[in-house]
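**Student:** take a look and give me a structure for this.
(one chain, ligands or ions: 2)
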Amino acid sequence: MIILKTKNEIEKIRTASKYAMEILLYLRDFIKEGIKTMELERLCEDKLRRYNRKIRPAFKGYNGYPYCLCISLNDEVVHGMPDDRILKNGDIVSLDFGVEYEGFFGDVALTEGVGDISEEAKRLLKITEESLYKGIDEAKEGNRLNDISHAIQSHVESAGFSVVREFVGHGIGSNLHEEPQVPNFGEKGKGIRLKKGMVFAIEPMVNMGKSEVYIKENGWTAATLDGSLSAHFEHTIAITDKGTEILSKL
Ligand code: MF3
Ligand code: CO
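**Tutor:** Ligands and ions are numbered 1, 2, ... in the order given. Next up, the predicted model:
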């Protein structure tokens with residue numbers, strides 16, 4: 001069942017999403033050669049402590065996930081875990097972060113390069129972020145759900161990259177994950193009709209090589225099967241009277 005949100009609920013999701021993005025951008029500045037990924041987790045916890053007690057990290061404890069952040073390096077696609085690995089020049093780092101505020105959730109992600117990254121890696125980041133905005137542009141009243149999916153997929157594939165199929169965007173509200181699933185691939189004109197009050201986390205995960213992924217030994221982290229780099233960008237958006245609003249935009 002898709003839960004439509006009231007104005008008031010959307011404002012709470014907006015607050016959660018803005019906090020999430022604010023903290024994500026704060027953390028992005030620490031992505032530098034020499035820092036441990038666990039240090040980013042610690043910085044995130046410190047930052048949360050300095051905010052009012054009204055915000056809570058959404059991922060920590062979700063299905064037993066132990067951290068506030070997901071940090072996915074290089075060939076890791078999503079659900080990477082903070083650990084003792086040290087960032088080095090040329091790495092790409094995906095940070096994924098969610099917040100709960102007054103019972104409502106916001107979910108955001110971005111990928112950032114460490115130092116000098118290859119031209120092809122730069123292009124991967126650029127195309128992935130662009131594909132997110134192409135998807136958001138299609139998230140409007142009267143369109144179909146898979147119009148979003150199709151816009152993402154066609155932008156990615158025409159650049160020669162591939163979209164991950166095992167992980168998808170999602171409805172979001174008083175739960176981190178709600179119906180519907182928002183795949184990053186699909187046929188234009190298919191899927192449910194989009195309505196005012198719908199709120200989605202749209203999150204293309206894009207591989208430089210093939211789309212197949214596998215799950216690492218920790219049972220959480222997805223990585224590309226062919227070892228190619230992967231990027232991830234995510235916003236929380238709503239369809240309202242004003243059109244399409246990016247709730248996580250600062
Ligand atoms: N943005 C990711 C998702 O929607 C992050 C979830 S991490 C988890 O799946 F730990 F909460 F699962
Ligand atoms: Co998400």
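
**Student:** confidence score at the nearest residue to L110 once chain neighbours are set aside?
**Tutor:** In space, and not counting its chain neighbours, L110 is closest to F233: 5.6 Å by Cβ to Cβ, 6 or more residues apart in numbering. (Glycine included, C-beta is placed from N, CA and C.) pLDDT recorded at F233 is 99.

**Student:** how about R53?
**Tutor:** pLDDT, read off for R53, is 75.

**Student:** please, which helix or strand holds it?
**Tutor:** Under the criterion of DSSP states H and E, R53 resides outside all helices and strands.

**Student:** the spatially most central residue of the chain and T6: what is the separation?
**Tutor:** Taking Cα atoms, centre = their mean, the centroid of the chain lies closest to E234, which sits 3.1 Å from it. According to Cβ to Cβ, to the nearest Å, E234 stands 24 Å off from T6.

**Student:** repeat for R123
**Tutor:** On the measure of Cβ to Cβ, R123 and T6 end up 41 Å apart.

**Student:** quick one, which of the two is more surrounded?
**Tutor:** R123 (15 against 9; other Cβ atoms under 10 Å).

**Student:** assign a three-state SS to the more buried one, would you?
**Tutor:** State at R123, reduced to three classes by DSSP: H, G, I helix; E, B strand; the rest coil: helix.

**Student:** the one 4 residues further on too?
**Tutor:** Three-state secondary structure (criterion: three-state DSSP) places I127 in helix.

**Student:** so what's it up against?
**Tutor:** By Cβ atoms under 8 Å, 6 or more residues apart in numbering, the contact list for I127 reads H155, V156, A159, F161, V206.

**Student:** quick check: phi and psi on the closest residue to P57 other than its chain neighbours?
**Tutor:** Once flanking residues are discounted, P57 sits nearest to C68: 3.7 Å by Cβ to Cβ, 6+ apart. Main-chain torsions, C68, degrees, to the nearest 10: phi -70, psi -40.

**Student:** spell out which parts of this protein neighbour ligand 1.
**Tutor:** Selection of the chain residues close to ligand 1 by Cβ under 6 Å from any ligand atom yields 59, 62-63, 65, 70, 79, 96, 107, 109, 170, 201, 203, 234.

**Student:** give me that answer again for 8 Å
**Tutor:** 58-60, 62-63, 65, 67, 70, 78-79, 96, 98, 107, 109, 167, 169-170, 176-177, 201, 203, 220, 234 (Cβ under 8 Å from any ligand atom).
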